[in-house]
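Chemist: pasted the sequence and its predicted model underneath.
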Amino acid sequence: MTETMTTTHAGGRPALSLVGAGRAGSALAVALAEAGYRVVAINSRTEAHARELAAVVGARVVTTALAAAEAADVTLLTVPDGAIASVAATIAATGAALTGRTMVHCSARLGPEAAAAARLTGAELGVLHPLQAMSGPGSAVQLRGAYFRVEGPPAVRANLEEIVAALSGHAVSVDAANRDLYHAAAVLAGNAPLALLARATALLEAAGVPRETAHEALARLLEGAAANARRQGAAGALTGPVLRGDEAAVRAHLAALEPYPEARALYALLTQEMERLLDRPAQVQPGSLRVA
């Protein structure tokens, strides 16, 4: 026996459900609830996560993905990429009829076809990928004004663009052939700076600054650089010795980093990237890690 629930609307908007209550799903659910959408059902592999999120957004916890899909007009599959096909197949295997409903996954690099099995139910498919860092309910605020990759047939796309608009966001389209390039760009901007932050924190700690202080200080520096880049562009926001053409400082840094070869290699490579950004000849020769 399946769990069923009548779909409801808030202000004419489609009722939503989520399959997946992890960091991305919880951020999206909270942001959409705050934007006026009714989130009616939550299903998650971890029941405790589902209950926590349901309590925040006023939803009901359901025990199957099918129950979530039957409960709403639009179901967001906020599960890992590798689970999208299996969730869709599990729903399709029930033989349920979901005509008039939509299933949307939130993968950066996959298209609607990742959930192709769900077409057997009559459901429409789409993609809504937030180009933003989502780390749980507390990051919901960061979805306001964010950019979202939207994909799907015209009617689905129109509904998804309304969701984006409700978040004061911006919808972008990416050709199917360029999805991986889009995802790579997102990883470089959203994840790579965190690895650099961790490496820089270790160096500042080695310089004698307590680890917590080092992390806080450098995280604030990164926030400031990102804020400046939004206003001025990457080249316009650049500061430091490369911008000033201070070759002596670059040499001194490379010398100080001799005991840290991995950090030194990163510094040299990124120095070259900064010089390219400024359209200058490289002062650090590729491969040699020696200053010209």
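Modeler: Looks like it came in fine.

Chemist: stretch 99-110: which residues count as buried?
Modeler: 101, 102, 103, 104, 105, 106, 107, 108, 109, 110 (16 or more other CB atoms under 10 Å). Where C-beta positions appear, they are placed from N, C-alpha and C, glycine not excepted.

Chemist: ok, so of the residues you listed, who is nearest residue 56?
Modeler: Residue 56 lies nearest to residue 106 out of these, by CB to CB, at 18.5 Å.

Chemist: per-residue pLDDT of the closest one, please?
Modeler: What the model reports for residue 106 is a pLDDT of 97.

Chemist: isn't it right next to residue 76, touching?
Modeler: Yes. Using CB atoms under 8 Å, residue 106 is in contact with residue 76, at 6.4 Å.

Chemist: what is in contact with these two at once?
Modeler: Residues touching both residue 106 and residue 76 (CB atoms under 8 Å, 6 or more residues apart in numbering): 25, 28, 128.

Chemist: neighbours of the second one, how many?
Modeler: Neighbouring residues of residue 28 were enumerated by other CB atoms under 10 Å; the total is 28.

Chemist: for residue 69, give its distance to residue 102.
Modeler: 9 Å (CB to CB, to the nearest Å).

Chemist: mutual contacts of these two, please.
Modeler: Common contacts of residue 69 and residue 102 (CB under 8 Å, 6+ apart): 75, 123.

Chemist: in strands, which of the buried residues of stretch 99-110 fall?
Modeler: Judged by DSSP state E, strands contain the following of the buried residues of stretch 99-110: 102, 103, 104, 105.

Chemist: can you list the domains in this protein?
Modeler: According to automatic domain parsing, the chain comprises the domains 16-175, 189-277.

Chemist: how far away from the center of its chain is the longest one?
Modeler: If I follow you right, that is domain 16-175. 14 Å (CA atoms, centre = their mean, to the nearest Å).

Chemist: end to end, how far does it reach?
Modeler: 27 Å (CA to CA, to the nearest Å).

Chemist: again, but for the last one
Modeler: Distance between the two ends of domain 189-277: 15 Å, counting by CA to CA.

Chemist: stretch 230-248 now?
Modeler: 30 Å.

Chemist: which residues sit against it?
Modeler: 225, 228-229, 249-250, 253, 271, 274-275, 277-278, 280, 283, 291.

Chemist: 7 Å instead, please
Modeler: Residues outside stretch 230-248 that contact it (CB atoms under 7 Å, 6 or more residues apart in numbering) are 225, 228, 229, 249, 250, 271, 274, 275, 277, 278, 283, 291.

Chemist: okay, and which of those map to helices?
Modeler: Counting by DSSP state H, the contacts of stretch 230-248 place 225, 228, 229, 249, 250, 271, 274, 275, 277 in helices.

Chemist: burial count for residue 113?
Modeler: Residue 113: 12 neighbours (other CB under 10 Å).

Chemist: which residues in the stretch 101-250 of the chain form helices?
Modeler: 154-166, 179-190, 192-206, 211-237, 241-244, 247-256 (DSSP state H, counting those that start in this stretch).

Chemist: centre of the chain versus the third one, how much separation?
Modeler: Mean C-alpha position of helix 192-206 versus that of the full chain (CA atoms, centre = their mean) differs by 21 Å.

Chemist: please apply the same query to the fourth one.
Modeler: Helix 211-237 has its average C-alpha position 19 Å from the chain's average C-alpha position, going by CA atoms, centre = their mean.
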